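Chemist: predicted model and sequence below, questions to follow.
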Amino acid sequence: MVELAAVELGGTRCRAATGRAAAGKAGAVAERFEILTGDPQPTLAALAEWLHARGPFAVVAVASFGPLRLDPRAHDYGRLLAESKPDWCDADVLAPFRSLAKRLVLETDVGAAAFGEQLQRGGRDTLVYVTIGTGIGGGLVIDDRVHHGRLHPEMGHLRVVHDGSFTGICAAHGDCWEGLASGTALAARTGMQAEKLPDGDPAWATEAELLAQGLLAITAVAMPGTIVLGGGVMQRAGLREAVARRLAELNGGFAPLPEVVAPALGEDSALSGALELAARAMGDSAPHCRTQNR
C-alpha cells in the first residue's frame with residue numbers, strides 16, 4: 001500500500017498525487033494526475049477514481065482553494081463557503097476521498113504551498129506564499145505551522161491603493177487586491193489573457209504596482225522573512241523583480257523587507273506541502289494540520 005496521497009484543487013486545474021515524506025524537506029511526489037477544474041462532481045470524481053486505482057492510503061491530504069471551512073468541529077467542515085468558482089459553493093471537497101484512507105487532512109492550497117516552501121527552505125523563518133492566477137490567495141507559515149484564525153487568511157481581499165481607472169471584478173468587494181490584480185482581473189482590464197499581453201504593455205507596470213501594494217500590506221502585518229510568488233501571472237519574465245523593486249520603494253526603508261522569490265518547488269509547492277502534512281498526520285502530529293479520522 002502506498003501510504004500517502006495528496007489532492008490539490010485550484011482555480012484553473014486540479015491534481016492528485018501519490019508520494020512519500022522526505023526527511024527535512026517537503027514531501028516527494030511519485031505519480032501525478034491533472035485535469036482542468038470543471039464542475040465539482042465530475043472533477044472530484046475523476047481525482048478520486050485515479051487515486052482509487054492506487055490506494056488505499058494511510059492518509060489523503062486535500063489542499064483546496066477557498067473560502068473553505070477548516071474547523072473539523074464545524075457542521076460544514078470540508079465545504080466551500082462562497083462562490084469563488086462557479087457552482088462550487090457548498091461543495092464537500094472531502095466526501096469523494098473518505099473511502100480511500102484511514103485519515104484525511106484538509107488545508108487550503110496556498111496554506112499547503114506555504115508549508116511546502118518553508119520546509120524546502122529549511123523551515124526556519126516566517127514565510128508567506130502568494131499565488132496570482134485565476135484569483136489571488138495567500139498562505140502564512142509561522143513556527144512550522146500553517147496559520148489560521150476563525151478562517152484561513154484571505155489575502156486576496158486586502159484593499160490596495162490604486163488610481164480608480166478600473167473598478168475591479170471581485171463579486172464581494174469589487175476593487176480588492178484580487179479584484180484588481182488577479183489574472184482574471186488583468187484580462188478584464190486589458191481585454192487580453194495575461195500570457196498574450198506583450199512585455200511592453202503598460203498593464204504590466206500597473207500589475208507590478210498593484211502586487212507591490214498588496215505585498216507591502218502583508219509585510220506590515222506578518223513581517224515574513226520570505227514571500228514566495230507563484231501562479232500563472234508570475235510566469236511573466238521580469239515581473240517578480242519589478243514587484244520586489246517597487247515594494248522596496250514603497251517601504252521607504254521603514255521595515256525589514258522580505259526576500260521575494262519564485263517557488264523552490266516549482267508547480268509542486270501545494271502537492272509537496274500536502275504530502276508532508278499527510279505524513280505528519282500519520283504520525284499524529286496534530287498541531288500541524290486539520291485532520292479527520294474516517
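Modeler: Received it, and whenever you're ready, just let me know what you need.

Chemist: do you know how far the closest residue to Pro40 other than its chain neighbours is from His157?
Modeler: Excluding the flanking residues, the one nearest Pro40 by Cβ to Cβ, 6 or more residues apart in numbering is Ala91, at 4.1 Å. Backbone N, C-alpha and C define where each C-beta goes, glycine included. Computed as Cβ to Cβ, to the nearest Å, the Ala91 to His157 distance reads 20 Å.

Chemist: with neighbour numbers in mind, choose between the two.
Modeler: Ala91 (21 against 18; other Cβ atoms under 10 Å).

Chemist: ok, the more buried one touching Arg79?
Modeler: Yes - counting by Cβ atoms under 8 Å, Ala91 touches Arg79, with 6.6 Å between them.

Chemist: now do the helices in the stretch 1-150 of the chain.
Modeler: Using DSSP state H, counting those that start in this stretch, the helices of the stretch 1-150 of the chain run over 40-52, 109-120.

Chemist: the longest one - contacts with which helices or strands?
Modeler: I take that to be helix 40-52. strand 4-9, strand 13-22, strand 25-36 (3 or more Cβ pairs under 8 Å, 6 or more residues apart in numbering; DSSP states H and E).

Chemist: what segments of the stretch 151-294 of the chain are helices?
Modeler: 177-181, 183-190, 203-222, 239-251, 269-282.

Chemist: who are the packing partners of the fourth one?
Modeler: Think helix 239-251. helix 203-222, strand 259-261.

Chemist: which positions in the longest one come out as buried?
Modeler: Within helix 203-222, the residues that count as buried by 16 or more other Cβ atoms under 10 Å are 203-204, 206-219, 222.

Chemist: tell me which residues of stretch 40-58 come out buried.
Modeler: For stretch 40-58, by 16+ other Cβ under 10 Å, it's 40, 43-44, 46-48, 50-51, 54-55, 57-58.

Chemist: which pair of those spans the longest distance?
Modeler: Pro40 and Ala58 (25.8 Å; Cβ to Cβ).

Chemist: tell me the contacts of the residue nearest to Pro40?
Modeler: 40, 44, 79-80 (Cβ atoms under 8 Å, 6 or more residues apart in numbering).

Chemist: cutoff 10 Å now
Modeler: If a contact means Cβ atoms under 10 Å, 6 or more residues apart in numbering, then Ala91 has 9, 39-41, 43-44, 64, 68, 78-80, 85 as its contacts.

Chemist: point out where the stretch 151-294 of the chain drops to low pLDDT.
Modeler: 284-294 (pLDDT under 70).

Chemist: need the contact list for Gln235.
Modeler: 132-133, 194-195, 262.

Chemist: can I get stretch 157-176 as CSV, trimmed to CA atoms?
Modeler: Output in CSV follows, covering the C-alpha atoms of stretch 157-176 (Å, rounded to 0.1, in the frame of the first residue of the first chain):
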residue,chain,number,x,y,z
HIS,A,157,-9.3,40.5,-0.4
LEU,A,158,-6.9,43.1,1.0
ARG,A,159,-7.6,46.7,0.0
VAL,A,160,-4.8,48.3,-2.0
VAL,A,161,-4.0,51.8,-3.3
HIS,A,162,-5.0,52.3,-7.0
ASP,A,163,-5.8,55.1,-9.4
GLY,A,164,-9.5,54.2,-9.8
SER,A,165,-9.4,53.7,-13.5
PHE,A,166,-10.5,50.1,-13.2
THR,A,167,-13.3,49.3,-10.8
GLY,A,168,-12.3,45.7,-10.2
ILE,A,169,-14.1,42.3,-10.7
CYS,A,170,-14.5,40.8,-7.2
ALA,A,171,-18.1,39.8,-6.7
ALA,A,172,-17.8,40.6,-3.0
HIS,A,173,-15.6,43.7,-2.9
GLY,A,174,-15.1,45.0,-6.4
ASP,A,175,-11.6,46.7,-6.1
CYS,A,176,-9.9,44.4,-3.6
